[in-house]
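Here is my input, please return the structure:
(chains A and B)
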Protein chains: 2
Amino acid sequence: MNTIKVNYNNMLSRVLGSQGITDKQIESIVPALQQARLNVENNRGQGMQGWMDSPYNQDKAVQDILKTAKDVQSRCDAFVVLGIGGSALGATALFNAFKHLYYNELPRKTRKYPRLYVIDNVDPERMNALFDVIDVENTVFNVITKSGSTSETMSQYLIITDILERKLGAKAKDNIIATTSASKGNLIKLAKEKGYTTFYIDEGVGGRFSVLSPVGLLPAAVIGIDIAKLLEGAREMDEKCKNAEVMQNPALVSAGLQYIAMKQGKNISVMMPYADSLKYFADWYAQLWAESLGKEVDKNGKLVNAGQTPVKALGVTDQHSQVQLYNEGPFDKVITFIEVKNFRSDVTIPNGCKEYPNVNFLCGHSLSELINNELFATRYNLTRRGRMNYTIEMDEINECNIGALIELLQLQTAYAGELLNIDAYNQPGVEGGKDATYALFGRVGYEDKAAEMEKAPADDNNYII
Amino acid sequence: MNTIKVNYNNMLSRVLGSQGITDKQIESIVPALQQARLNVENNRGQGMQGWMDSPYNQDKAVQDILKTAKDVQSRCDAFVVLGIGGSALGATALFNAFKHLYYNELPRKTRKYPRLYVIDNVDPERMNALFDVIDVENTVFNVITKSGSTSETMSQYLIITDILERKLGAKAKDNIIATTSASKGNLIKLAKEKGYTTFYIDEGVGGRFSVLSPVGLLPAAVIGIDIAKLLEGAREMDEKCKNAEVMQNPALVSAGLQYIAMKQGKNISVMMPYADSLKYFADWYAQLWAESLGKEVDKNGKLVNAGQTPVKALGVTDQHSQVQLYNEGPFDKVITFIEVKNFRSDVTIPNGCKEYPNVNFLCGHSLSELINNELFATRYNLTRRGRMNYTIEMDEINECNIGALIELLQLQTAYAGELLNIDAYNQPGVEGGKDATYALFGRVGYEDKAAEMEKAPADDNNYII
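Numbering: from 1, shown residues only, chains lettered A, B, ... in the order given. I've put the predicted structure just below:
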């Protein structure tokens, strides 16, 4: 049973005063919240809302994943994800949440499972660095791209396949697993032709909603994360969010409060977990929130330039970097804290500073008390200064809670998309950049784009200093 | 000689159209820019502007650092920085910029220098994880806190000292190096009492401006970074920015453009390097910019709630996460690209997709071409959509360039502080949080704060779901 709670007291005028959201403001959006929930619910499993079925329809997929994971564990020392964006962020978040913080540095005996590397960039130095720490022959590469045409991932795939085939010949296929569309694109064709083990991404599951599909689940299973429990937690949260009593639906309330905040000019959404193990969870959320809501036009084609910019922070670390700004800067953000009540290990601060009262007060306490007292104090101070914040609490980091947290934020994003009346599932804004890249490489069919770029104002040296 | 250039064509209306900054707007702030430069220059080395002397006054410190670094290299396998905020971010940025991207996983023979860990949080799981990968007896701990009362760092110090003293007795002192104020605080007293090797932070060098002091230079030297070249690059940039012709001063122009952008409602500053090795440079900048400019009142005590929120992004990775929002969302940000023309290694994308034209166009090209073409294309598309951006270019990542880049951004921050007429060197907004932490721990002298917190509105369960 998950223990995820959303505490939104500090969003409200009863606590925040004039900077807070009033009961009246909340009441005024209740019909919109009801409609948003209905819209999302009515499209469950339809179109690009296939992700809503992920917690329910993967019994067979989970069995296949566990079988493959076991095989991979038995025969390789490293597992490498080749993917970018939604094909990488989920695996990284899960890896960070559940495994030792220096996992890849541990001996195999201690870590039990293969090392995991998520290669989500095409920086050549990163690629070469990877080759220095893995033995490609003892590595399984999980190539993840739904379309099979993601330039970054397919470049990595070509580099890896070339090396593997030169070293292993026909056996190279055993070191590659493809996660892709079952029916469309290059990668499924290549997979069939070459005989790769393959996992499928449903057409209705977009990259940023794919962490609970084989995209995130296979890498998680390979390093020993209990993926069935992740899905169980997600189901629990989904059931909770079926509640038609909108103010009892945590994802809907969060979406509503963020929506009101956006309308009041809060164009920044900070996610600040107080746990090193959730640092990359904030990265996963940043994509989900940014790419889903950042849209030029609404569903009616009206120019809206919607969206709220996610900022990733980490407690307590960023108290010494960002919190000065959060306390004193513009009233332009909502801060989402993630609080973990119990850590999986602890350390006591010993004596040794009796003569120094401004340090001695810490002695005898534990680091978990310190980190959580600092969260309490930082939140108290921000609240006293009228800064909107809310807290997602959990008793501990376990698969059930993280599954529930993922579903909470996915649903919140879907609801927010409805409130903003935008398509939360497309990404038309990046097409222009892709086309320009194709033009730069002289790809056939992009001659017009190349010509357009030729005509663009060139860099004027007067403005380069 | 550094090759840092600022290309700000894409900030200007001549390129961006109606979203851009006009010549008239620039002309109108020239007197303010002149004054800002004069104010900064006139206070060089004074008050909290001691950092401006760092590139010039450290010949002796550099010698001492190199001597200590050599000693540390000869007798330990791991070097651990205990620090937070400005005491950690600089070392992490330099480590990331110059060393192998999986440095700590390499055998000693390959990496040549000790492993480096920067422990900038009090998460107990992180602390325990560290103990699993280091042998404390063969580790040197660099405790960095200017005040000697930073709770996080001093807690870490107490934990480490306790272990070391139990294991090594009187010899424990050899495994600790203190970097702190020469005259004030607990740590200098403890250092003298215990006999630690000590490096000093000048009173006029605040945490976020300390990367070019022993705070950043000692860890850098231990892992073999050429710290003299870092300072040389910083000197070159500083000299360039002494130019009274304001439009020839890159730090001043950048500050001015950001200032105009802020006045136009751009409350977000994205830093997006296109190089994995500069990912943590964006973290260092985020503190510098956020904590320096995020201020409630100006120098006259007037309420201003100034500041611009830094966002850390990474190219090309975040094209698949954030760029949709940057292209289509609100016109609320300035994007600073960092472009590295030549990478330190490269990989060619081999053939293997002849039948798939939407992948085959990449074959025969290199990853460095791909990453830089994607930067070009992303920037082109953002510009075409009227999104403010500028680019800091360098030929390659080397110590001279990174030193120059650090100085550029420090000077830009100082100038921006003057333009906003705020104190760029204090952080009053975090004091309330510190006091609340003290009260929670029952520290003597904070009884009033504890009483105030008792009276604060408690969490109402109605608002926890």
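
Going by C-alpha atoms from here, please, whenever you check contacts or count neighbours.
Fine.

need the longest strand for chain A.
strand A:333-340 (DSSP state E).

next helix or strand past that strand?
helix A:357-360 (DSSP states H and E).

So which elements touch the helix or strand following that following helix?
For helix A:357-360, the following helix or strand on the C-terminal side (DSSP H and E) is helix A:367-384. Judged by 3 or more C-alpha pairs under 8 Å, 6 or more residues apart in numbering or on different chains; DSSP states H and E, the packing partners of helix A:367-384 are helix A:13-16, helix A:323-328, strand A:389-394, helix B:431-440.

how about the CA coordinates for the longest strand of chain A, as CSV?
Extracted C-alpha coordinates of strand A:333-340, given in CSV (Å, rounded to 0.1, in the frame of the first residue of the first chain):
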residue,chain,number,x,y,z
LYS,A,333,7.0,30.1,-8.7
VAL,A,334,5.3,27.2,-7.1
ILE,A,335,7.7,24.9,-5.2
THR,A,336,6.8,21.2,-4.9
PHE,A,337,8.7,19.6,-2.1
ILE,A,338,9.1,15.8,-2.0
GLU,A,339,9.5,14.6,1.6
VAL,A,340,10.7,11.2,2.6
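
Can you tell me how far A:Asp346 is from chain B?
To chain B, A:Asp346 is 5 Å away according to C-alpha to the nearest C-alpha, to the nearest Å.

pretty sure that residue contacts A:His365?
No - look at A:Asp346 against A:His365 with C-alpha atoms under 8 Å: they stay out of range, at 10.4 Å.

interface residues of the stretch 51-200 of chain A facing chain B?
A:84-86, A:100-102, A:104-106, A:120-130, A:132-133, A:149, A:151, A:154-156, A:158-159, A:162, A:186 (C-alpha under 8 Å from any C-alpha of the partner chain).

change it to 6 Å
A:Gly85, A:Glu105, A:Asn121, A:Val122, A:Pro124, A:Glu125, A:Ile159 (C-alpha under 6 Å from any C-alpha of the partner chain).

Of those residues, which count as buried by neighbour count?
A:Gly85, A:Glu105, A:Asn121, A:Val122, A:Pro124, A:Glu125, A:Ile159 (16 or more other C-alpha atoms under 10 Å in any protein chain shown).

Now for the first one: which residues touch it?
Shown here is A:Gly85, whose contacts under the criterion C-alpha atoms under 6 Å, 6 or more residues apart in numbering or on different chains are B:His320, B:Ser321.

hmm, 8 Å instead?
By C-alpha atoms under 8 Å, 6 or more residues apart in numbering or on different chains, the contact list for A:Gly85 reads A:Asp120, A:Gly207, A:Arg208, A:Gln287, B:Thr317, B:Asp318, B:Gln319, B:His320, B:Ser321.

Counting neighbours, what do you get for the closest residue to the first one other than its chain neighbours?
Taking C-alpha to C-alpha, 6 or more residues apart in numbering or on different chains, and ignoring the residues beside it in sequence, A:Asp120 has A:Ile84 as its nearest neighbour in space, at 4.5 Å. Each residue near A:Ile84 was counted by other C-alpha atoms under 10 Å in any protein chain shown, and the total is 26.

Same question for A:Asn2.
As a burial measure, A:Asn2 scores 22 neighbours (other C-alpha under 10 Å).

mind checking the SS state of A:Glu396?
Using DSSP: H, G, I helix; E, B strand; the rest coil, the structure places A:Glu396 in coil.

now the buried ones among the residues of the stretch 51-200 of chain A next to chain B in TSV, with secondary structure?
Compiled in TSV, these are given as follows (three-state DSSP):
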residue	secondary structure
A:Gly85	helix
A:Glu105	helix
A:Asn121	coil
A:Val122	coil
A:Pro124	helix
A:Glu125	helix
A:Ile159	helix
